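Engineer: Next come a sequence and a model predicted from it.
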Amino acid sequence: MSDLRDDQWFTEVFDSHGSAFSLKISEKLLDVQSPYQHLEVYATETYGNLMVLDGCVMLTDRDNFLYHEMIAHPALFTHQDPKRVVIIGGGDCGTLKEVLRHPGVEQVTQIDIDEEVTKASERFFPSLVESNNDPRAELLFADGVKWVDDAPDESIDVLIIDSTDPVGPAEGLFKTDFLKRCHRILKSGGVMVQQSESPLYHTGSIIRELRHDMLEAGFDSVATLPFPQPVYPSGWWSVTLAGKATDVNTFREQAAASHDLPLEYYSVEAHRGALALPPFMRKAFAAE
């Protein structure tokens, strides 16, 4: 058995839960310190290329489709007719690619503070950026919180918060005050979705607090959807949806069942299943 401490392995240690995840690497492809974070890209033996930000796994070639499909398609099939979509974060452009698969979407603006992430994606994850030149797409490299502050009232159908963990540049994206501003810029019937960490590790903390804060911010409904994500802590991840004058616990099932999008994980059955939370999560949210 190989020694995980040698230089053939990249290991992310999750100290607070006494766990770690490792991938066997063959080469370091990139090492950049941006003004915001430390960015690395490795070639791995079995997961393709690996992107790391501040020591945390962001994505791999092998399994990024799970996250990108689940942060995009449940929200888009929950909204009744999404036209105007905004992505805060998402600099690797995988979420942008998934949103642009929907022909009814007329405009997508992506705002990420760190251009180095997009540059790395262009070099080492070309499949994720293949829709960047779509005329419906606008890429901005700016502060997403400030962009939300400056956006007009009720101007957006779907708002996707594709952030890193709630530390560093992304910390402000999990705050109640920011959620209130998100509510302001969504149209009636609008849907917000935010990555919400591990159901196993964070149901009683980050996820429950986010759901509470979304309701406090004025949203009328919330729904947390778990899904597998092998390279993230615990191997299990989630997104949490919030609806403005709409119920995010229901979705356009006929449209989700009949689409011809070339997806690898999301389906009408996967969406239904994700809404059926396990008992320990239902218990944690029972007081809402």
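Structural biologist: The structure has been received and is ready for your questions.
Engineer: what about the stretch 51-200 of the chain, any weak spots by pLDDT?
Structural biologist: Along the stretch 51-200 of the chain, segments meeting pLDDT under 70 span 164-174.
Engineer: which residues of it fall in strands?
Structural biologist: 56-60, 84-89, 107-112, 137-141, 156-162, 186-195 (DSSP state E, counting those that start in this stretch).
Engineer: from the middle of its chain, how far away would the second one be?
Structural biologist: For strand 84-89, the separation from the chain centroid amounts to 11 Å (computed by C-alpha atoms, centre = their mean, to the nearest Å).
Engineer: and the nearest residue to residue 94 once chain neighbours are set aside, how many neighbours does it have?
Structural biologist: Excluding the flanking residues, the one nearest residue 94 by C-beta to C-beta, 6 or more residues apart in numbering is residue 68, at 3.9 Å. C-beta: built from backbone N, CA, C; applies to glycine. Around residue 68 sit 26 other residues, with neighbours defined as other C-beta atoms under 10 Å.
Engineer: Can you tell me how far residue 68 is from residue 148?
Structural biologist: According to C-beta to C-beta, to the nearest Å, residue 68 and residue 148 sit 22 Å apart.
Engineer: got it, and residue 231?
Structural biologist: Separation of residue 231 from residue 148 (C-beta to C-beta) stands at 29 Å.
Engineer: Contact partners for residue 147?
Structural biologist: 88, 111, 140 (C-beta atoms under 8 Å, 6 or more residues apart in numbering).
Engineer: The second one against residue 140, yeah?
Structural biologist: Yes - the pair residue 111 / residue 140 is scored as a contact, 4.7 Å apart, by C-beta atoms under 8 Å.
Engineer: So for these two, which sits in the more crowded spot?
Structural biologist: More crowded of residue 111 and residue 140, by other C-beta under 10 Å: residue 111, with 22 against 14.
Engineer: List the residues that contact the closest residue in space to residue 152 that isn't next to it in sequence.
Structural biologist: Nearest non-adjacent residue to residue 152, counting by C-beta to C-beta, 6+ apart: residue 185, 6.9 Å away. For residue 185, the contact set (C-beta under 8 Å, 6+ apart) comprises 148, 151, 152, 153, 154, 155, 156, 159.
Engineer: List only buried entries from the residues you listed.
Structural biologist: Buried members of the contacts of residue 185, counted by 16 or more other C-beta atoms under 10 Å: 148, 151, 156, 159.
Engineer: how far away is the first one from residue 104?
Structural biologist: Separation of residue 148 from residue 104 (C-beta to C-beta) stands at 24 Å.
Engineer: How is this protein divided into domains?
Structural biologist: Per the record, the chain has its domains at 9-60, 64-286, by the TED database.
Engineer: which residues in the stretch 51-200 of the chain form helices?
Structural biologist: Counting by DSSP state H, counting those that start in this stretch, one finds helices in the stretch 51-200 of the chain at the ranges 64-78, 94-99, 115-124, 144-150, 176-185, 199-202.
Engineer: mind checking how far the shortest one is from the chain centre?
Structural biologist: Between the centre of helix 199-202 and the centre of its host chain there is 16 Å, according to C-alpha atoms, centre = their mean.
Engineer: same for it, what does it pack against?
Structural biologist: strand 236-243 (3 or more C-beta pairs under 8 Å, 6 or more residues apart in numbering; DSSP states H and E).
Engineer: What is the nearest of the contacts of residue 185 to residue 181?
Structural biologist: Nearest to residue 181 among the contacts of residue 185, counting by C-beta to C-beta, is residue 148 at 5.0 Å.
Engineer: What angle do helix 115-124 and the biggest strand by length in the chain make with each other?
Structural biologist: Longest strand in the chain by number of residues (criterion: DSSP state E): strand 19-33. Per axes from the mean of the first three to the mean of the last three C-alpha atoms, to 10 degrees, the angle that strand 19-33 makes with helix 115-124 is 100 degrees.
Engineer: so what strands line up beside the next helix-or-strand element following strand 19-33?
Structural biologist: Moving toward the C-terminus from strand 19-33, the next helix or strand (DSSP states H and E) is strand 38-44. Next to strand 38-44 in the sheet, as set by DSSP bridges, lie strand 19-33 (antiparallel), strand 49-53 (antiparallel).
Engineer: List the buried residues of strand 38-44.
Structural biologist: In strand 38-44, the ones that count as buried by 16+ other C-beta under 10 Å are 39, 40, 41, 42, 44.
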